[in-house]
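Enquirer: Quick one: sequence plus predicted model below, questions after.
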Amino acid sequence: MGISNNKKQAIDGANAQQPDKYPSKSGLPPTIGNGPMEKYDPKDEYIRVDSIQQHWIRRKLISDKYPEILNLPTHHTPTAFWVIGLVASLIITAKLLENSPIWLIVVVAYIFGATVSHALWVLIHELTHDLVFEGSFMNSVFLLIADLPHIVPAGVSFRHFHRLHHSFLNETYTDPDVPVPFENKLFGHSIVGKAIWFCLYSIVIACRSVFYPLKNQSPFSMWLVANYICNITFTYVIFQWVGVYGMTYLVLSSLMSVGFLLHPLGARWIAEHFAVTQSEQETYSTYGFINTVGFNIGYHNEHHDFVRVPYIYLPTLTKIAHEFYKGGLKYHTSYWRVLYEFLNQDGFTFNSRVVRNPKVK
C-alpha cells in the first residue's frame with residue numbers, strides 16, 4: 001500500500017531537519033509531527049541541546065533544494081509608506097479621543113490602538129534587519145519614526161538586543177529573549193504570577209537586558225541618543241495638541257500591544273520560542289489572522305531561516321518549501337489559544353524553552 005503525498009511530505013520534512021549531531025543531549029527528537037498545535041505539552045524544565053540552531057541547518061537544506069529562494073528581494077521600500085500611515089493613524093485617533101470618556105479610550109486602544117502599535121513594532125522589526133531600504137541609514141531613520149507613538153524610546157534598544165537574539169538564539173544569558181531563572185521563580189508557577197508577568201512584559205524585558213552584558217556589545221550609540229531626543233520631543237509636542245486623554249490613549253495602545261491587560265497580541269512573545277512540544281523544535285510559526293494585521297509576523301521559522309527576506313515574501317517562501325514548514329513542523333493558529341494554555345497549564349512556565357549553553361562567556 002503506497003504512502004500518500006501528504007504523509008510523504010511530512011516524513012521528508014521531519015527527516016530533513018535531523019541535526020548533524022543526533023541524538024542531542026536532550027534525548028528528544030528534533031521535531032515531533034507537523035500541522036497545527038492540538039495538544040500542548042510543555043514542561044517546567046529546559047530542553048537542553050548541544051546542537052547548532054535548527055535554522056542554520058534548515059536554511060542550508062532549503063537553499064540546496066530550492067535555490068530560487070536565494071533570489072527573493074532583500075528589501076521592500078513600500079513598507080515605508082505603512083510606517084508613515086500607521087504613525088499618522090495613531091496621532092489622528094488620539095486627537096479624536098481628546099475629550100472622550102475613559103471607557104471609550106480603553107476600548108479603542110484595546111481594539112484599534114494596540115493593533116496599530118503592534119504593527120509598528122513589526123515594522124521596527126523589519127527596519128532592524130534593514131529590510132525596507134538598501135542602506136542602513138534610511139532604515140534607522142524610519143525606525144525612529146515608527147517608534148514615536150510608543151512614547152518610551154525603545155526602538156533602537158530593541159534593534160540591538162534583537163540582533164543578539166538572532167546571533168545567540170536560545171543561549172542562556174546571551175539570548176535576551178530567554179527569561180532569567182528569577183522570572184520563573186517569582187512569576188512562573190501560578191496563574192496570577194504569569195498574568196502579572198504578561199501584563200508587565202515591557203518592564204520585564206527592559207529589566208532583563210541588565211543580565212545580558214556582552215563585551216563589545218554595548219547598546220549605546222548615537223542612534224540611541226537620537227531615539228531619546230525624538231521621542232521626548234514628540235511626546236511634548238503631541239501632548240500640547242491632544243491633551244491628557246489623547247496621551248493616555250497612546251500610552252495604553254503601546255502597553256497593550258505587548259500584553260498589558262492580557263491583550264492577546266502579547267502572546268506573540270510566548271508563541272515564537274516557548275517549547276510547547278517535547279521535542280527540540282525551538283521556534284514556532286503562527287499561521288492565521290495575525291499575519292493580515294501584523295505584516296506576516298507569524299512566519300517566524302521562515303524569518304529565522306532567511307533573515308534577509310522581507311515580510312511580504314515570507315508566504316512565498318512557505319509555499320515553495322512547504323515540506324519544511326507547514327508540512328514538517330508544528331505551528332500555532334491563535335494567540336488567544338497560546339495565552340490560554342500559558343496561563344492555565346501548570347507545566348507551562350518560563351523554563352519551557354529549548355536552550356543551549358552560551359558560546360560567549
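Expert: Yep, it's here.

Enquirer: mind checking the longest helix of the chain?
Expert: As assigned by DSSP state H, the longest helix anywhere in the chain is helix 222-256.

Enquirer: Which residues belonging to stretch 258-271 are considered buried?
Expert: Val258, Gly259, Phe260, His263, Pro264, Leu265, Gly266, Ala267, Arg268, Trp269, Ile270, Ala271 (16 or more other CB atoms under 10 Å). All C-beta atoms are positioned from the backbone trio N, CA, C, and that covers glycine.

Enquirer: residues making contact with it?
Expert: For stretch 258-271, the surrounding residues in contact (CB atoms under 8 Å, 6 or more residues apart in numbering) are 110, 114-115, 118, 121, 177, 195, 198-202, 252, 255-257, 284, 286, 290, 294, 297-298, 300, 332, 335-336, 338-339, 342.

Enquirer: Tell me which helix or strand in this protein has the weakest average pLDDT.
Expert: helix 5-16 (a mean of 42; mean pLDDT, DSSP states H and E).

Enquirer: immediately after that helix, which helix or strand?
Expert: Going down the chain from helix 5-16, the next helix or strand is strand 35-36, by DSSP states H and E.

Enquirer: Would you give the sheet partners of the very next helix or strand once past that next one, along with the direction of each?
Expert: Where DSSP H and E defines the elements, the next helix or strand beyond strand 35-36 is strand 47-48. Its sheet considered, strand 47-48 pairs with strand 354-355 (parallel) by DSSP bridges.

Enquirer: Relative to the whole chain's centre, how far out is the partner strand?
Expert: Distance of strand 354-355 from the chain centroid (CA atoms, centre = their mean, to the nearest Å) equals 17 Å.

Enquirer: for the stretch 201-350 of the chain, what spans make up the strands?
Expert: Along the stretch 201-350 of the chain, the stretches classed as strands by DSSP state E, counting those that start in this stretch are 330-331.

Enquirer: pLDDT weak spots in it?
Expert: 213-216 (pLDDT under 70).

Enquirer: Please produce JSON lines containing the buried residues of stretch 258-271, extended by distance to Gly155.
Expert: Listed next are the buried residues of stretch 258-271 as JSON lines, based on distance: CB to CB, whole Å:
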{"residue": "Val258", "distance to Gly155": "13"}
{"residue": "Gly259", "distance to Gly155": "18"}
{"residue": "Phe260", "distance to Gly155": "18"}
{"residue": "His263", "distance to Gly155": "20"}
{"residue": "Pro264", "distance to Gly155": "23"}
{"residue": "Leu265", "distance to Gly155": "17"}
{"residue": "Gly266", "distance to Gly155": "18"}
{"residue": "Ala267", "distance to Gly155": "22"}
{"residue": "Arg268", "distance to Gly155": "17"}
{"residue": "Trp269", "distance to Gly155": "16"}
{"residue": "Ile270", "distance to Gly155": "22"}
{"residue": "Ala271", "distance to Gly155": "22"}
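
Enquirer: and the two most separated of the residues you listed?
Expert: Phe260 and Ala271 (17.3 Å; CB to CB).

Enquirer: Where does the prediction get shaky in the stretch 1-150 of the chain?
Expert: 1-25.

Enquirer: Tell me who's in contact with the closest residue to Ser279 other than its chain neighbours.
Expert: Counting by CB to CB, 6 or more residues apart in numbering, Ser279 lies nearest to Ile32, which is 3.9 Å off, once chain neighbours are set aside. Contact analysis of Ile32 by CB under 8 Å, 6+ apart lists Thr277, Gln278, Ser279, Gln281, Lys330.

Enquirer: Need the max-distance pair from those.
Expert: Maximum pairwise distance in the contacts of Ile32, criterion CB to CB, is 11.0 Å, between Gln278 and Lys330.

Enquirer: Who has more neighbours out of these two?
Expert: Ranked by neighbour count (other CB atoms under 10 Å), Gln278 and Lys330 place Lys330 first, with 20 against 14.

Enquirer: Name whatever forms a beta bridge with that one.
Expert: Gly35.

Enquirer: For Gly35, see how far away it is.
Expert: 7 Å (CB to CB, to the nearest Å).

Enquirer: re earlier: emit the PyMOL select command for whichever of the contacts of stretch 258-271 are buried.
Expert: Selection of buried members from these for PyMOL, criterion 16+ other CB under 10 Å:
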select buried, resi 110+114+115+118+121+177+195+198+199+200+201+202+252+255+256+257+284+286+290+294+297+298+300+332+335+338+339+342
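
Enquirer: From the contacts of stretch 258-271, which land in helices?
Expert: 114-115, 118, 121, 195, 198-199, 201-202, 252, 255-256, 290, 300, 335-336, 338-339, 342.

Enquirer: what pLDDT does Leu164 get?
Expert: Looking at Leu164, its pLDDT reads 92.

Enquirer: could you list every residue that touches it?
Expert: Counting by CB under 8 Å, 6+ apart, Leu164 has contacts Thr174, Asp175, Pro176, Tyr212, Leu214, Gln217.

Enquirer: Quick one: residues contacting the second one.
Expert: Going by CB under 8 Å, 6+ apart, Asp175 touches Leu164, His165, Phe168, Leu169, Tyr212.

Enquirer: Now the two most distant members of the residues you listed.
Expert: Leu169 and Tyr212 (13.3 Å).

Enquirer: The two: who's more crowded?
Expert: Just comparing Leu169 and Tyr212: by other CB under 10 Å the higher neighbour count belongs to Leu169, 23 against 19.

Enquirer: The more buried one looks like it's in a strand, true?
Expert: No - under DSSP: H, G, I helix; E, B strand; the rest coil, Leu169 sits outside any strand and is assigned coil.
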